[in-house]
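**Q** need a 3D model of the sequence below.
(one chain, ligands or ions: 1)
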Amino acid sequence: MAKQIKVLFLSPEAVPFAKTGGLADVAGALPDALKRLGVDVRLILPHYREVWTSNSKLYLLFEDLKVPFGKDLFTARVWESQTDGGTPVYFIKREDMFDRPNLYGNAYGDYYDNLERFSFFCHAALCLADRISFSPDVLHCHDWQSGLVPAFIKGPYARNSAVGQAKTIFTIHNLGYQGIFPQEKLSITGLPKETFYQTDGLEFWGNISLLKSGIFYSDSITTVSPSYALEIQTDEYGLGMAGILQKRRASLYGILNGVDYKVWNPACDTHLKAQYTPENISGKNHCKESLIKEMKLIQSLKSKPLLGMISRLDTQKGLDLLVKILDDILALDVGLVVLGSGDQSIQEILKKAAKKNPRHFGLTIGFDESLAHRIMAGADMFLIPSRYEPCGLTQMYALKYGTIPIVRNTGGLKDSIREFNLKTGKGNGFKFSDYKSEAFLASVQRAIKQFHNTEGWKKLRVNAMKEDFSWDRSAKSYLKLYRSTLKGK
Ligand code: ADP
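**A** Down below sits the predicted model:
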């Protein structure tokens, strides 16, 4: 029998404890899927204020974990909990670093001490492994917040008995977040100066990049879809990192994320007015009616297409395209429901448009998990016009809810959505390629035309709902990668 692999996950967020985006969904579900495959996996997170309000049961494990911080040793408390699937979760607690209203920053920008916070988190995770005598075979690090760990393992922790022998895997969930700090702050990390100056160390256009640290020092790199793994090696999508990613391409893999169907499934979703399945879809109409009511939209929309969008309000998500064609979309006699938080100027434009069309455009600014589920179920179509999309989860959720995705053909959207063809009856959504508002509008028009063909739409909806993006498939790919990385391949 193959030896049981021990994996320590380091993530800056995970559901149900703390979430700003898709990374939290991944870090909350993938460990349990790996556990089902027999991996001994543990997860480490910062103890943000949000962790208290998540209503999770937590137990104090240690009061006095000693953690390097620059030239000093600081103390952290460690709390413990579990995921639904029984994966042990450890939280690194220091009020001065993590007890804040948000995870990474506020309306004025990122917190000024994010390097201090996440350098401390990385050290703390490695010290904790030592303290609990957990010697992982693999340290699986996620995004720039844990990007220092691969550098630590090759440097100061190389001779540490618990973690020194571990292989490191670094997953890029979004190349757009690069963890950039002034080089003068390098000493906070405890890393020697050479890590900055050596070619391809932490140096990134004169600054430190923690994302680059993860890319350069890890044994294997993954990103969250095969298409995105190729795209980020190009100048167009590489955001300054294409060169280093090309150099490391032999160790770079794309593994599509999965969906937690315990959470995102209309057959058992408790946020909904009515549940439904592909065999009995009548509940979806109740969900649509109730969403129309909740958003105070005009009742006649019951028989017309209702478009939904749930997104960070960020230029990455293609909001500029949506804004350009908002009037054209609303002129197609459809309803639109948008839930989002983020960029102030995008919020203002959307607010103005919603005020102008209150009976056809329902807008909610904020982060609302329960409403996200109700939109997923109540809408007929789901808009994701992203400029780039590493994986994207909402298109996979939408499929399960029979809500047809209209997406830009990029990254994970390209890998999961196929244009519907009425003649062959194949396909699960609508796509456009050029990042242009006209191309986006044309795909919306194709979807609306199809909506009015009742039989075709039924077929398309069944295709969508029968798609299977469960985590078990992705977890098998990760396990394979752990094994090959351990063999040094
Ligand atoms: P990203 O991680 O780039 O934001 P993903 O599609 O991978 O995009 O994941 C987004 C996740 O965040 C989904 O679970 C989506 O439902 C959720 N989400 C995004 N914005 C909101 C919001 N305003 N309210 C509730 N959930 C949101």
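
**Q** the helices in the stretch 51-200 of the chain, which residues?
**A** Remark: helices assigned in the stretch 51-200 of the chain by DSSP state H, counting those that start in this stretch are 95-98, 114-131, 148-154, 194-197.

**Q** between these, which one is nearest to residue 389?
**A** Set against residue 389 and scored by C-beta to C-beta, these come closest in helix 114-131, at 24.5 Å. Bear in mind the C-beta positions are built from the backbone N, C-alpha and C, glycine included.

**Q** highest average neighbour count across the helices of the stretch 51-200 of the chain?
**A** Comparing those by mean neighbour count (mean count of other C-beta atoms under 10 Å), helix 148-154 ranks first with a mean of 25.

**Q** rounded mean pLDDT for that one, please.
**A** Across helix 148-154, pLDDT averages out at 96.

**Q** got it, and stretch 49-60?
**A** The average pLDDT within stretch 49-60 is 93.

**Q** just the buried positions in that stretch, please.
**A** Within stretch 49-60, the residues that qualify as buried are 50-51, 56, 58, counting by 16 or more other C-beta atoms under 10 Å.

**Q** could you dump those residues to a markdown table with distance to the ligand?
**A** Written out in a markdown table, the entries for these read as follows (distance: C-beta to the nearest ligand atom, whole Å):
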| residue | distance to the ligand |
| --- | --- |
| 50 | 14 |
| 51 | 18 |
| 56 | 18 |
| 58 | 23 |
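
**Q** farthest-separated two in those?
**A** Once C-beta to C-beta is applied, those give 50 and 58 as the farthest pair, at 12.5 Å.

**Q** near the ligand, which residues of the stretch 251-400 of the chain?
**A** Contacts of the stretch 251-400 of the chain with the ligand, taken as C-beta under 6 Å from any ligand atom, map to 310-312, 339-341, 367-369, 372, 391-394.

**Q** of all those, which comes closest to residue 161?
**A** Nearest member of these to residue 161, counting by C-beta to C-beta, is residue 391, at 36.1 Å.

**Q** and the closest one, how far from residue 222?
**A** Here residue 391 is placed at a distance of 11 Å from residue 222 (C-beta to C-beta, to the nearest Å).

**Q** and if you look at residue 122?
**A** Distance of residue 122 to residue 222, computed by C-beta to C-beta: 19 Å.

**Q** how long is stretch 323-343 from one end to the other?
**A** Criterion C-alpha to C-alpha, to the nearest Å; first-to-last residue distance in stretch 323-343 is 13 Å.

**Q** can you give me how far that stretch is from the chain middle?
**A** Chain-centre distance of stretch 323-343: 23 Å, with C-alpha atoms, centre = their mean, to the nearest Å.

**Q** buried ones in that stretch?
**A** Residues 323, 325-326, 329-330, 332, 334-343 are the ones in stretch 323-343 that count as buried (16+ other C-beta under 10 Å).

**Q** ok, now stretch 206-225?
**A** 207-225.

**Q** cool, stretch 247-263 as well?
**A** For stretch 247-263, by 16+ other C-beta under 10 Å, it's 248, 251-261, 263.

**Q** and if you look at stretch 364-372?
**A** By neighbour count on 16+ other C-beta under 10 Å, the buried set for stretch 364-372 is 364-365, 367, 371-372.

**Q** which one of the residues of the stretch 251-400 of the chain next to the ligand is nearest residue 170?
**A** Residue 170 lies nearest to residue 391 out of these, by C-beta to C-beta, at 15.8 Å.

**Q** and that closest one, how far from residue 2?
**A** 28 Å.

**Q** neighbour count: the two, which is higher?
**A** Legend: neighbour count by other C-beta atoms under 10 Å for residue 391 and residue 2, higher for residue 391 (27 against 7).

**Q** in the stretch 101-250 of the chain, which residue sits nearest the ligand?
**A** Nearest residue of the stretch 101-250 of the chain to the ligand, counting by C-beta to the nearest ligand atom: residue 174, 5.9 Å away.

**Q** neighbouring contacts of stretch 110-123?
**A** 10, 12, 46, 67-69, 74, 76, 92, 94, 97-98, 100, 104-105, 144-146, 148-149, 152, 179, 181, 185, 188-190, 208, 210 (C-beta atoms under 8 Å, 6 or more residues apart in numbering).

**Q** the residues you listed, buried ones only, as a PyMOL selection?
**A** Restricted to buried positions by 16+ other C-beta under 10 Å, the PyMOL selection for those reads:
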select buried, resi 10+12+46+67+68+69+74+76+92+94+97+98+100+104+144+145+146+148+149+152+179+181+188+189+190+208+210
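
**Q** among the contacts of stretch 110-123, which are in strands?
**A** Judged by DSSP state E, strands contain the following of the contacts of stretch 110-123: 10, 46, 67-69, 74, 76, 92, 105, 181, 208.

**Q** now, which of those residues sits nearest residue 472?
**A** residue 10 (22.7 Å).

**Q** now for that closest one: which residues touch it?
**A** 44, 121-122, 125, 139-142, 146, 149.

**Q** ok, now with 7 Å
**A** Counting by C-beta atoms under 7 Å, 6 or more residues apart in numbering, residue 10 makes contact with 44, 125, 139, 141-142, 146, 149.

**Q** quick check: phi and psi at whatever residue of the chain ends up closest to the ligand.
**A** Here the residue of the chain nearest the ligand is residue 22; by C-beta to the nearest ligand atom that distance is 2.3 Å. Backbone torsions of residue 22, given as degrees, to the nearest 10, read phi -60, psi -30.

**Q** so for it, what's the pLDDT?
**A** On the pLDDT scale, residue 22 gets 88.

**Q** for residue 312, see how far away it is.
**A** Distance from residue 22 to residue 312, by C-beta to C-beta: 10 Å.

**Q** is residue 164 in contact with residue 158, as I believe?
**A** Yes. Using C-beta atoms under 7 Å, residue 164 is in contact with residue 158, at 5.3 Å.

**Q** what's next to stretch 180-190, contact-wise?
**A** Residues contacting stretch 180-190 (C-beta under 7 Å, 6+ apart): 68, 70, 115-116, 119, 148, 156, 193, 196, 204, 206-209.

**Q** low-confidence bits of this protein, can you list those?
**A** Scanning the chain with the threshold set as pLDDT under 70 gives 1, 198-199, 489.

**Q** what are the structural domain limits within it?
**A** Domains of the chain are assigned by automatic domain parsing as 6-258+472-486, 282-468.

**Q** for these, give me a markdown table that also has distance to residue 268.
**A** Converted to a markdown table, these look like this (distance: least, C-beta to C-beta, whole Å):
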| stretch | distance to residue 268 |
| --- | --- |
| domain 6-258+472-486 | 14 |
| domain 282-468 | 11 |
